[in-house]
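Q: requesting a structural model of the entry that follows:
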Amino acid sequence: MRLLFRTVLGIFLTVIASCSDRAFSPIVPEALDIGTPKSIFAATVREPLPDGNFGPSRSDHYSLLELTVSIPPNHQPGQLDFAYANPDPETQFTLAGRRVFDDPADFNARLKAEVAHLPRDEREVTLFVHGFNSTQTETAFRAAQLAKDIQLPGATMIYSWPSQGNPLGYAYDEDSVLFARDGLEHMLRKTRSAGVGRVALIAHSMGSLLVMETLRQIEIKTPGWSAANLSGVVLMSPDLDVQVFRSQMDRIDDVPQPFIVFVSSKDKLLNISNRLRGKHTSVRLGSLTSVEAVSGLPISIIDTTEFSDDAVSGHLVAGTSPALIAILNSARKTADAFGRETASFKTILPGQVTQANGATQVSLRNATSDER
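A: Numbering: from 1, shown residues only. Okay, the predicted model is just below:
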């Protein structure tokens with residue numbers, strides 16, 4: 001336990017020492033003369049700050065925004081480079097614009113216009129829900145990076161829940177997840193009623209708890225809503241207890257498809273999260289090693305463990321491993337990046353397939369690692 005405490009403390013202090021004011025992000029319009037623009041639509045229940053940014057405090061007011069991110073010309077798949085005070089648009093993701101909508105109708109009209117310019121088979125919305133220790137601008141940057149690298153379909157949106165943006169704010173963030181459930185439900189329902197196609201829902205880390213809690217309460221109110229309105233659910237490195245996940249899934253009679261969970265047994269942050277909860281608890285969903293733990297659930301587990309060493313972040317292998325990103329993009333040529341037909345994973349992705357009463361696991365194989 002003492003060694004674990006020292007490890008966690010060391011990670012926290014290292015991160016803290018390298019951070020400036022993470023809530024502040026300057027607007028640099030001239031970045032668009034250098035980088036590639038990406039529109040990120042956002043809904044947030046964060047408290048607005050006097051400088052126009054949105055901080056970690058919780059707000060009863062629901063804000064709608066369009067953020068314009070400049071993607072640097074030298075961007076490489078899996079990389080996310082940015083700065084807080086003085087970004088360099090030549091080499092870093094930069095916030096080039098921010099528009100706050102006072103009228104939800106204006107926001108919906110702008111979103112519909114964005115979707116209308118897309119190819120007919122991509123006229124939908126991909127909604128990204130961030131995880132622990134994330135600011136609003138960092139979330140926009142991550143969504144832009146994923147949209148660019150993994151070629152996410154449709155218009156890109158984020159739901160920015162009030163994370164403290166502090167590695168010591170884990171307990172605050174868990175409470176914020178519960179606070180933010182109604183806001184996410186509101187966003188999902190309003191987005192669908194805006195006439196912009198179905199919604200692909202993607203969550204990372206603790207954001208997976210928020211997504212599952214929200215889908216659970218939606219299904220209690222409106223059974224069948226998720227399957228009818230979502231084009232798929234993807235959980236990346238979910239920081240979520242497996243038993244809790246099973247209880248949430250039990251309230252969803254018709255699970256939206258595909259329902260995909262990216263896992264890695266080498267995810268150090270999830271392993272620490274699990275150990276901090278005591279040895280009596282089950283493993284975190286994102287570090288699952290056997291599909292038997294989710295037997296009977298109509299989901300696909302994609303084990304990315306072999307790509308962990310290649311990834312920029314071991315806590316987001318699917319979005320930061322160049323080798324895995326290349327595989328996912330190759331798969332898009334014959335199927336959707338996330339496989340709208342669950343069975344497609346068995347034939348498209350390289351790896352061993354294991355099944356357990358409806359649940360499927362693909363343990364991906366990294367040919368580069370085999371060569372080494």
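Q: helix/strand/coil for the closest residue in space to Pro37 that isn't next to it in sequence?
A: Distance criterion C-beta to C-beta, 6 or more residues apart in numbering; nearest residue to Pro37, sequence neighbours excluded, is Thr68 at 5.7 Å. For the C-beta atoms, the positions are set from N, CA and C on the backbone; glycine is no exception. The three-state assignment at Thr68 reads strand, by DSSP: H, G, I helix; E, B strand; the rest coil.
Q: Phe41 is in contact with Thr68, correct?
A: No: the criterion here is C-beta atoms under 8 Å, and Thr68 misses it with Phe41 at 10.6 Å.
Q: give me the more crowded residue out of the two.
A: Ranked by neighbour count (other C-beta atoms under 10 Å), Thr68 and Phe41 place Phe41 first, with 24 against 20.
Q: ok, that one - contacts?
A: For Phe41, the contact set (C-beta atoms under 8 Å, 6 or more residues apart in numbering) comprises 64-67, 107, 110-111, 114, 125, 155-158.
Q: in strands, which of the residues you listed fall?
A: Using DSSP state E, 64-67, 125, 155-158 are the members of those that sit in strands.
Q: quick one, helices of the stretch 1-150 of the chain?
A: Taking DSSP state H, counting those that start in this stretch as the test, the helices found in the stretch 1-150 of the chain are 2-18, 104-116, 136-149.
Q: neighbours of Val362, how many?
A: Count around Val362 with other C-beta under 10 Å applied: 22.
Q: that one - that's part of a helix, no?
A: No: in this structure, Val362 is strand, not part of a helix, as judged by three-state DSSP.
Q: who are the contact partners of it?
A: Applying C-beta under 8 Å, 6+ apart to Val362 gives the contacts 300-303, 345-346, 349, 351-353.
Q: using JSON lines, lay out the residues you listed together with neighbour count.
A: Listed next are the contacts of Val362 as JSON lines, based on neighbours: other C-beta atoms under 10 Å:
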{"residue": "Ser300", "neighbour count": "27"}
{"residue": "Ile301", "neighbour count": "25"}
{"residue": "Ile302", "neighbour count": "25"}
{"residue": "Asp303", "neighbour count": "24"}
{"residue": "Phe345", "neighbour count": "23"}
{"residue": "Lys346", "neighbour count": "15"}
{"residue": "Leu349", "neighbour count": "21"}
{"residue": "Gly351", "neighbour count": "18"}
{"residue": "Gln352", "neighbour count": "10"}
{"residue": "Val353", "neighbour count": "14"}
